[in-house]
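Enquirer: Here is a sequence together with a model predicted from it:
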Amino acid sequence: MATDYNAFKMAQEQFDKVADVLELDEATRDLLRNPVREYHVSIPVKMDDGTTKVFRGFRCQHNDSRGPAKGGIRFHPMETIDTVRALSMWMTWKCAVVDIPLGGGKGGVICDPHNLTPREQEQICRGWVRQLAHDVGPLRDVPAPDVMTNAQHMLWMLDEYETIHGAKFPGFITGKPVGMGGSLGRTEATGYGLIFTLREALKELGIAVEKTTAVFQGFGNVAQYAIRLYNMMKGTVVGVSCWDQTDQTSYYFRKTSGVNIDELISITDKFGGIDKAKAKELGYEVLPGDKWIEEEVDILLPCALEHQITKDTVTRISPKVKVVAEGANGPTTPEADAYLKEHNVFLIPDFLANAGGVTCSYFEQVQCNMNYFWEKDEVLAKLDVKMTSAFHEVYALSKKRNLFMRDSAYVIAINRVVQACKLRGWI
Amino acid sequence: MDFTEFQRREFTPMQGFSFIGTGELGGKAKGLALMKEMLDEAIPGGEFEGIRVDIPQMVVLRTDIFDKFMAENNLYEIALNSTDDALIALEFQKAILSVEIVGDLMNLISSIRRPLAVRSSAMLEDSLHEPFAGVYESKMIPNRSNDVNTRFKQLTEAIKFVYSTLFFYKAKQYFKAIHKDISTEKMAVIIQEVVGDKYGDYFYPTIAGVIRSMNFYPTGNAEPKDGVVQLAMGMGKSIVDGGKSWCYSPRYPASPPPYNGIRDMLQNTQTKFWAINMGQILNYDPTAETEFMAHLEISEAEQAGNLDKLASTVSVDDSVVPGLSTEGPRLINFAPILQYDALPLNELVKRILLNAEKSMGEKVEIEFAMRLPNGRSAESYLSGPAPDPRPHFGFLQVRPLAVSSGIVDIDEASIRPEDMLISPDRAMGNGETDEIRDIVYLKPEVFNIANSREMTKEIDSINDSLLNEGKPYLLMGFGRWGTSDEWLGIPIVWSQISGVKVIVETTLPSLNSDFSQGSHFFHNVFSSGVFYFSVLNNQEDKIDWDWLSKQATKQETKHVRHIELSKPITVKVDGRSGKGVVLK
C-alpha cells in the first residue's frame, strides 16, 4: 500500500537474513528475492452509469517450484505491485513451512468495492480472468479470496475461467461456498489452526492450557474461531480488541472472569464491531483499543492488522506474557521481534500460526480435483495433523540451532523452496 | 494401573493404556485397568506356561468427548425422542466429532494398521447393579486400507455408531427397567487392538471365550460355585449373541455339556464363526454393527489350519475322535485342549478367574480372545513388531456378577399341593418375592414354533405396557428363551422382556429342546436378580395350567395371554440347592 513502509522491501530483507544463515549463493538469492512471473493487466469495465473505466490488476507468481502458485486476490484502492510481490513471496514461505505442495502467488486489482455495484465488481472479476485465463488454473496458479473479495467474487471468476476453457475446473479457485466446490471446515480453519499451534507451544513450554489467560486483538473470523477452540480447551480469554466502524477507532472489551464468545457475537455488527453499550450491560469494561497489549495475561494473539507490536508498543507488554501467537499477517516488526526474543517471549510466527487457512484451501483444491468432498471432521483432523507437524518441525529446528521461532520457520520454508529449485535444475 | 494421556509425538502404535479428553473413563475401561494390575501380579512377566497373557493395548475417549459430540451437534432431541434406531444412527453419522480430538484420532489411525475394536464404556455400564451386558453395540473395523483417510473414516464412523447405540430402543427399555434417566448417562469409548491373525481375507482369534464365576446351569458333578466357561472359534460375537458355543466347567474340563447323542451334538455345536472381513466390503453401512464382519463356515478355519486344537471328528461309527486325523464331520468341542491338554488354557482360566474374583471382590464375568499362531498367517501383523510365535491370551473385558446374599429355605413338605402353581425342575437365582400380580404366558393350545418371531413382538408390547406401569411380571413360554435360532425357542432379546422378574421356560411334546444358554441374556437375568425356572413339562402337576386358564385376562394376543391376579403370587428360590417354587 502507498505508505512509507514498503512490504516488498521488508520481505526481501527478511529473506536476505535467512539467505545468510543458509549461505545461499547469489543466483539462488536472485531467483528467490523476486517473483518468477508477474502480470500487469488492464481491465476495461462498462460502468452502470454508461462510462467505461479501466482498472489495473496484478498477479505475481513468486515461486512455483513446489507446486502451483497459491494466493488471494485483493480488491483495494491503494493496492501496489510491491505489496502484491511481497505477499506472493510470503505465500511461498507459508505454503512451504506447512509443507503443502504449492508455491506462492498473490493478485490484486486497484479498486474500492465500496464504490462499485455488484455488476461492476462482477465485470472486474470476469475481466481479470479474461486477461489471465491462460496463466492461472488448477495446475498453474490457484487464486482465493483476500482483502475485500469473497466467495461470490470467486464464483464469478470460476465461471469465467470455465467458460473460456470450455470445461469444469472447480480446482481453479478456492474459497468457494460449501456445495459449490467449497470445503467444509474452511471457515474455521485459520482460527483453529492458530490454536493448534498454540496448544503445541504450550505443551512444549510445560504450561497447562486450562490455566492460561489470553487476549485477542481483532474479532473477525480468525479470532472468533480461535477463541471458540481455545475456550473448548478451557483457556480463559479476558479481553478482545476490535474496530468500531462508526467511531472509526478500536475498543478493547475486557472481562477478567472470561469473555463469552456467543454473547459477544450476539452483539457484534456486520463489520465485526461490538456494541459498546450492550457490552457494558453484560459486564464488560470498554477501554481504548490499544489497551489489549498491556493486559496481564499469558498469551497475546494479534489477529487483526499488521504492525501492531512495534518498538513503541512492545515495551508495554506485561512481563507475565509467555507466548505471542500471530493470527494476523505481519503484526510484529523486526525491532519488536528482537525485544520479544530478548525477554524470552515464545513467538509463533504469522506464516506458521495462520497457515490453517491456506492449508484448508489446499484441501479444498484437492477435493475439487477429485470431485469428492470430505466430512468436516476429516478436514479438521488433517488440518490438525498438518499444523501440528509443521509446528514441531519449526520448534525442533529452533531448539537445535538456537533460533528464534520466526527465523526457524523461515529457514525451514526457504530451504524447502531452495531444494525444490535445485532438484528442478533451476539453480 | 493408571492411564496416561495420549501423546501424539511420543506415541508408538497402541502402547499402553492411554486416554484422550477429560471426564470419566467409563465402567469397562476402569475394570480393565484393575485387571491389568491383577494380571501383573497373577501372571508374572505376562506369560503363563508359554502363553502370552495381556490386555490388548487401548485408547479411551473419555466422556467429555461424548458430551461435546452431543452438544455441538444438537443430538439430544432426536436421541431421546426418537424410537427409530436407524434414524438415530444416521443422525449420529451425520454429526461431527469435536475438533479437539480429530487430530489425535488421525494420528492414532496413521500409526496403526491392525483391526480395531471400538467398544462402549459407559458410566453405568458394567457397574455392580446394572450389568448392561449387550445393551450397547461394539464395532470391529479392519483398519486395513492403504489410505489413511479411509481408515480414519472407518474409525470415526465406528465411534459415532457406538455413541448412537446409547439411545437405541433396547438401551432405552433397559434404562426404563432399572429406573435410571438415560439423558444423564455418558459414554466413553474404548479403541482396542483385536487379538487375532489374518488368514486370507479374514482376521480372527482362534478362540474366543467367556468365563463366569457362577455356573447358571451346572451339569454332572459341577456345582454353581465352580464357574463356567464358554468357548467359540473366531470372534466372541458367537458367544455374546447367544449363538452356539462349547460350555464346560473349569473343574471338569473334559466333561462335555449334556447332548442327546452325536447328532444333537453336531447340530448344537459351532458350525460357523465370526471374523473381520479384511477384503472388499460390498455394502457400505456405517450404521450396521456387522459392516465389516463375516459369518464363515468352520471349513474356512480348517483350511487355514486353525481347527487342529479345537476340533474332533465324528467317524462313520458315530464315535468322536479328537483332532482332524480322520475324515468326517468336524465337531468344535476343543477336545485337544480340554481333554488332552494340548494347551494349558484351563489352568490359565482357573488362575485368572481366581485372581479376578479376588481383585474385584465379587463374582465376575470375563471375556477373552486367544490367538494360536500356526505359521500360516501371511500377514499376522500388518505393521509394528514381528509376530509373537507364542499363543496369546488377550483379556478383553471384566464385569462383576451380582449375587444375592439372602438365603431362602424351601420346605417342600409344608407346601400344600393346591397352593403350588409351578414346581420347576431347576431354578436359578436366589431369594423371595411376593410382589408379582401379572403373569404373561404363551398359550399352549395355539403354540407353534414357526410363529416364534411373531410371539416376540407380542411379548415386547406387553412388556412395554407393564414397564410403563412399573409392574414386575412372570413370563412363561416354551423352548429356549433368547435363542438366536427361532426354531429352538423364542428369539427374544433382553430389552423386549426387560421388566420381567420371573422367567419360566418349559417344554411341549412338540418342542423338547434344551433350555436356553444365551450368555448375554443370562447375564442380565442373573445380575438383575431375575428368577429363572426350567420345567420339564412331562407331568401334569408341575404347572397348574387349569388354574391359569381360569384367571381374569388382562390382555390377550394371538399367541400370548396376560393375566392380572387379585393377590400376588409368591416366588421362592434357594440358590444353593437350585430349588424353587411359585405359589398361588
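Expert: Structure received.
Enquirer: where does chain B have low pLDDT?
Expert: Within chain B, the ranges that satisfy pLDDT under 70 run B:1, B:9-15, B:126-133, B:216-219, B:258-260, B:378-386, B:402-408, B:511-529, B:538-540, B:575-576.
Enquirer: List, one by one, the residues from it near chain A.
Expert: B:8-9, B:68, B:96-100, B:102-107, B:110, B:149, B:152-153, B:156 (CB under 8 Å from any CB of the partner chain). Glycine gets a C-beta too; all of them are placed from N, C-alpha and C.
Enquirer: Who does the nearest residue to residue B:479 once chain neighbours are set aside form a beta bridge with?
Expert: Counting by CB to CB, 6 or more residues apart in numbering or on different chains, residue B:479 lies nearest to residue B:489, which is 2.9 Å off, once chain neighbours are set aside. Residues in a beta bridge with residue B:489, per DSSP bridges, are residue B:480.
Enquirer: which helices and strands sit right next to the lengthiest strand in chain B?
Expert: Longest strand in chain B by number of residues, with DSSP state E as the criterion: strand B:560-574. Strand B:560-574 is packed against strand B:426-428, strand B:431-442, helix B:452-469, strand B:473-478, strand B:553-556, strand B:579-583, with contacts defined by 3 or more CB pairs under 8 Å, 6 or more residues apart in numbering or on different chains; DSSP states H and E.
Enquirer: Listing partners with orientation, what would you give for it?
Expert: Partners of strand B:560-574 in the sheet, by DSSP bridges, are strand B:431-442 (antiparallel), strand B:553-556 (antiparallel), strand B:579-583 (antiparallel).
Enquirer: JSON lines for those strands, including mean neighbour count?
Expert: Supplementary listing: the strands paired with strand B:560-574 in JSON lines, determined by neighbours: other CB atoms under 10 Å in any protein chain shown:
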{"stretch": "strand B:431-442", "mean neighbour count": "19"}
{"stretch": "strand B:553-556", "mean neighbour count": "14"}
{"stretch": "strand B:579-583", "mean neighbour count": "23"}
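Enquirer: Nearest to residue A:155, out of these?
Expert: For the strands paired with strand B:560-574, the distance to residue A:155 is smallest for strand B:553-556, at 63.3 Å, taking CB to CB.
Enquirer: So what touches that closest one?
Expert: Applying CB atoms under 8 Å, 6 or more residues apart in numbering or on different chains, the contact partners of strand B:553-556 are B:438, B:462, B:465, B:561, B:562, B:563, B:564.
Enquirer: Now with 10 Å, please.
Expert: Here strand B:553-556 makes contact (CB atoms under 10 Å, 6 or more residues apart in numbering or on different chains) with B:437-440, B:443, B:458, B:461-462, B:465-466, B:561-565.
Enquirer: which one of the residues you listed sits closest to chain A?
Expert: Chain A lies nearest to residue B:461 out of the contacts of strand B:553-556, by CB to the nearest CB, at 38.6 Å.
Enquirer: That closest one: how many residues sit nearby?
Expert: Neighbourhood size, residue B:461 [other CB atoms under 10 Å in any protein chain shown]: 15.
Enquirer: which ones are touching it?
Expert: Neighbour list for residue B:461: B:496, B:555, B:557, B:560, B:562 [criterion: CB under 10 Å, 6+ apart].
Enquirer: Give me the neighbour count for the residue nearest to residue B:479.
Expert: So residue B:489, with other CB under 10 Å, has 26 neighbours.
Enquirer: Check residue B:43 too.
Expert: As a burial measure, residue B:43 scores 21 neighbours (other CB under 10 Å).
Enquirer: The spatially closest residue to it that is not a sequence neighbour: helix or strand, and which one exactly?
Expert: Take residue B:43 and drop its neighbours on the chain: the residue closest to it by CB to CB, 6+ apart is residue B:53, 4.6 Å away. If you go by DSSP states H and E, residue B:53 is part of strand B:51-54.
Enquirer: In the sheet, which strands lie alongside that strand, parallel or antiparallel?
Expert: strand B:47-48 (antiparallel), strand B:392-401 (parallel).
Enquirer: Burial-wise, tell me which of those comes out on top.
Expert: Of all the strands paired with strand B:51-54, strand B:392-401 has the most neighbours on average by mean count of other CB atoms under 10 Å in any protein chain shown, namely a mean of 24.
Enquirer: measure the residue lying closest to residue B:397 once chain neighbours are set aside to residue B:264 for me?
Expert: Among residues not flanking residue B:397 along the chain, residue B:367 sits closest, at 4.1 Å (CB to CB, 6+ apart). According to CB to CB, to the nearest Å, residue B:367 and residue B:264 sit 27 Å apart.
Enquirer: near chain B at all, the helix or strand encompassing residue A:410?
Expert: In this structure, residue A:410 sits in helix A:405-423 according to DSSP H and E. No. Residues of helix A:405-423 are not located near chain B by CB under 10 Å from any CB of the partner chain, the shortest gap being 17.1 Å.
Enquirer: Can you give me the neighbour number for residue B:542?
Expert: Residue B:542 has 18 neighbouring residues, counting by other CB under 10 Å.
Enquirer: contact partners of stretch A:40-53?
Expert: For stretch A:40-53, the external contacting residues (CB under 10 Å, 6+ apart) are A:54-60, A:81, A:84, A:107, A:109-111, A:116-132, A:135.
Enquirer: how about stretch B:149-157: buried residues?
Expert: In terms of neighbour count (16 or more other CB atoms under 10 Å in any protein chain shown), stretch B:149-157 has its buried residues at B:151, B:152, B:153, B:154, B:155, B:156, B:157.
Enquirer: quick one, what contacts the third one?
Expert: When contacts are counted by CB under 10 Å, 6+ apart, residue B:153 is found next to A:374, A:375, A:377, A:378, A:381, B:109, B:141, B:145, B:147, B:286.
Enquirer: Neighbours of the residue in the stretch 251-400 of chain A that chain B sits nearest to, how many?
Expert: Taking CB to the nearest CB, chain B has its nearest neighbour within the stretch 251-400 of chain A at residue A:384, 2.6 Å off. Burial of residue A:384 is recorded as 27 neighbouring residues (other CB under 10 Å).
Enquirer: Next: residue A:65.
Expert: By other CB under 10 Å, the residues close to residue A:65 number 21.
Enquirer: and residue B:483, what helix or strand is that in?
Expert: Under the criterion DSSP H and E, no helix or strand holds residue B:483.
Enquirer: which helices and strands sit right next to the helix or strand that comes right after the strand holding residue B:53?
Expert: Going down the chain from strand B:51-54, the next helix or strand is strand B:58-61, by DSSP H and E. If contacts are counted by 3 or more CB pairs under 10 Å, 6 or more residues apart in numbering or on different chains; DSSP states H and E, strand B:58-61 sits against strand B:17-20, helix B:27-42, helix B:99-110, strand B:116-122, helix B:148-164, strand B:187-193.
Enquirer: okay if I get those as TSV plus distance to residue B:137?
Expert: Compiled in TSV, these are given as follows (distance: least, CB to CB, whole Å):
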stretch	distance to residue B:137
strand B:17-20	21
helix B:27-42	13
helix B:99-110	19
strand B:116-122	8
helix B:148-164	6
strand B:187-193	12
